[in-house]
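[1] Next one to model:
(chains A and B)
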Amino acid sequence: DTGVSQNPRHKITKRGQNVTFRCDPISEHNRLYWYRQTLGQGPEFLTYFQNEAQLEKSRLLSDRFSAERPKGSFSTLEIQRTEQGDSAMYLCASSSRGMNTEAFFGQGTRLTVV
Amino acid sequence: AQSVAQPEDQVNVAEGNPLTVKCTYSVSGNPYLFWYVQYPNRGLQFLLKYITGDNLVKGSYGFEAEFNKSQTSFHLKKPSALVSDSALYFCAVRGMGGANNLFFGTGTRLTVIP
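    Numbering: from 1, shown residues only, chains lettered A, B, ... in the order given. Next comes the predicted model:
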């Protein structure tokens, strides 16, 4: 499978726990994005990497959220001290170099905080 | 700031009839517009994009979209709907910053009735 891969697909956690999600982009793509999607809404941009550099972060990304992309390959998104409001689908996308190339999305990780 | 609006939460159409899913946009500068489709338990799939050139853009699965600058619209169309087209459709506009991230609408649920 050469698409964007995300793990786990589902995560249930207790409030206050830390969680980490992984995204493996399409191998030749140097751009990687994280989005969050809640029920009845479209995806909202969280952060962006070009290779290993995190170049942009949304105001939605609170201090409890951190993302990394070591070596410019896979990426991780960690949420510390989870809150019920963090419950959402977390989507990863990747795209190749270029101004207007389309992004390819993974299937997402559905987080439920109880 | 850039944004898109999808005025219809739900569109129902009979199988074999033409379908239209509406999208209007607001950007400063040239718009770069995208349509994505989301099937249950699957990630967003790219359908088509408008960057420049012909106002009628053809995409995957027989879909097309018409860019109308005077009406600031980018409606998704298909001449003959299939039951398998039933899904959630998102319009998106590219952000003006260096991240090229997308700003999505709230989505339109298309139901094709057999």
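[2] Am I right that A:F74 is in contact with A:I26?
    No. Here A:F74 does not reach A:I26: they are 11.5 Å apart, not a contact under Cβ atoms under 8 Å. Just so you know, the C-beta spots here come from the backbone N, C-alpha and C atoms, and that holds for glycine as well.
[3] in what helix or strand does B:R109 lie?
    According to DSSP states H and E, B:R109 maps onto strand B:108-113.
[4] What average pLDDT does that strand get?
    Averaging the model's pLDDT scores along strand B:108-113 yields 97.
[5] Same question for stretch A:26-35.
    If you average the pLDDT over stretch A:26-35, you get 94.
[6] Mind checking if it is in reach of chain B?
    Yes. Looking at stretch A:26-35 against chain B by Cβ under 8 Å from any Cβ of the partner chain, the contacts come from A:R31, A:Y33.
[7] Quick check: buried residues in the strand holding B:R109?
    Going by neighbour count (16 or more other Cβ atoms under 10 Å in any protein chain shown), the buried part of strand B:108-113 is B:T108, B:R109, B:L110, B:V112.
[8] For beta bridges, what are the partners of the last one?
    This means B:V112. B:V112 has these beta-bridge partners by DSSP bridges: B:V13.
[9] Over to the first one?
    For B:T108, the beta-bridge partners under DSSP bridges are B:Y89.
[10] So which bits of chain B are right by chain A?
    Counting by Cβ under 8 Å from any Cβ, chain B comes close to chain A at B:32, B:34, B:36, B:41-46, B:49, B:51, B:90, B:92, B:94-95, B:97-107.
[11] And the buried ones among those, selectable in PyMOL?
    Only the buried entries of the residues of chain B next to chain A go into this PyMOL selection, using 16+ other Cβ under 10 Å:
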select buried, chain B and resi 32+34+36+43+44+45+46+49+90+92+94+95+99+100+101+102+103+104+105+107
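[12] Give me the subset of the residues of chain B next to chain A lying in strands.
    Here DSSP state E is the test, and these give B:F34, B:Y36, B:L44, B:Q45, B:F46, B:K49, B:F90, B:A92, B:R94, B:L102, B:F103, B:F104 as lying in strands.
[13] In contact with the third one, which residues?
    Taking Cβ atoms under 8 Å, 6 or more residues apart in numbering or on different chains as the definition of contact, the neighbours of B:L44 are A:P43, A:L91, A:A93, A:F105, B:Y36, B:V37, B:Q38, B:F90.
[14] Generate JSON lines for the residues you listed, with distance to A:R64 and pLDDT as supplementary columns.
    Shown next, in JSON lines, are the contacts of B:L44 (distance: Cβ to Cβ, whole Å; pLDDT from 0 to 100):
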{"residue": "A:P43", "distance to A:R64": "20", "pLDDT": "95"}
{"residue": "A:L91", "distance to A:R64": "19", "pLDDT": "97"}
{"residue": "A:A93", "distance to A:R64": "22", "pLDDT": "96"}
{"residue": "A:F105", "distance to A:R64": "24", "pLDDT": "95"}
{"residue": "B:Y36", "distance to A:R64": "28", "pLDDT": "97"}
{"residue": "B:V37", "distance to A:R64": "32", "pLDDT": "97"}
{"residue": "B:Q38", "distance to A:R64": "27", "pLDDT": "95"}
{"residue": "B:F90", "distance to A:R64": "27", "pLDDT": "98"}
